[in-house]
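**Q** Test case, fold it:
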Amino acid sequence: MVALAWLAGVVISGCGHEAVASRAPDALSGASSAPASTVASANTAPEMAATPYSAEQIRAANRPGTMYRYKIETSGEPVQIKVMEFTSGTSAESAEVKSQTLDASGKAKGPPSVEHTPWEELRRHAEFPRAALSVEPGSIDVPAGKFDAMVYTVSAPNGETAKFYFAKSYAGPPVLLYKEKGGVRVMTMTLLERKSGG
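**A** Residues are numbered from 1 along each chain as shown. Below is the predicted model:
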């Protein structure tokens, strides 16, 4: 997953295209006598809900120099800081993003990486099956400020849920993202700082 992935590497199992693809081989294997309608259903991608932003809105809000700094807390792991910056290589077609992971004290855990990603791909990072998603207005206070938000709650058949707070004031990765399993929070990604580019 690219450095700027809105989901920060967190894909809820059972909610995306991958889940449909993983079921299809069983339905088509001939090992069962499933009717043709079941096979067709297994091969049909779920209807996807609208994303919070268009690719053009994401591009307009993330000009070169735009920077995000997040605190990432994962159960059983040390706290990490993720810094992502849109660089001069960003174009009308794609984003160039430099990212680096720091430890809690701010020390780099390795060299920065640079990746190029089409704006449309970034838009799709916030695309979820309509049946697994609920959307409502909300607001959230994080170290980067107080934001009116579009709150996306995504539920998986295995009981996992994730909640994304997408800011209404700019198009980009969520201000806050957290994932729960069995009612226990297992990952939180919180926006510490955002700087607009020129």
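
**Q** Could you verify my assumption that residue 71 touches residue 178?
**A** No. Judged on CB atoms under 8 Å, residue 71 makes no contact with residue 178 at a distance of 11.7 Å. Using the backbone N, CA and C atoms, a C-beta is placed for each residue, glycine as well.

**Q** Identify the contacts common to these two.
**A** By CB atoms under 8 Å, 6 or more residues apart in numbering, residue 71 and residue 178 have these common neighbours: 188, 189.

**Q** need the strands for the chain, in chain order.
**A** 67-74, 80-86, 94-103, 113-118, 133-142, 145-155, 160-167, 176-181, 184-195 (DSSP state E).

**Q** For stretch 153-165, measure first residue to last.
**A** End-to-end distance for stretch 153-165, by CA to CA, to the nearest Å: 9 Å.

**Q** and residue 198, how many residues sit next to it?
**A** Using other CB atoms under 10 Å, residue 198 has 6 other residues around it.

**Q** same question, residue 162
**A** Residue 162 has 24 neighbours, counted by other CB under 10 Å.

**Q** Likewise for residue 184?
**A** Residue 184 has 8 nearby residues by other CB under 10 Å.

**Q** dump the residue contacts of it.
**A** So residue 184 contacts residue 75 (CB under 8 Å, 6+ apart).

**Q** quick one: it and residue 165, what's the gap?
**A** According to CB to CB, to the nearest Å, residue 184 and residue 165 sit 20 Å apart.

**Q** Beta-bridge partners for the residue lying closest to residue 152 once chain neighbours are set aside, please?
**A** Nearest residue to residue 152 in three dimensions, chain neighbours excluded: residue 164, at 4.3 Å (CB to CB, 6 or more residues apart in numbering). Counting by DSSP bridges, residue 164 is bridged to residue 152, residue 177.

**Q** give me every residue that touches residue 103.
**A** 78, 79, 80, 81, 109.

**Q** Good, we can wrap up now.
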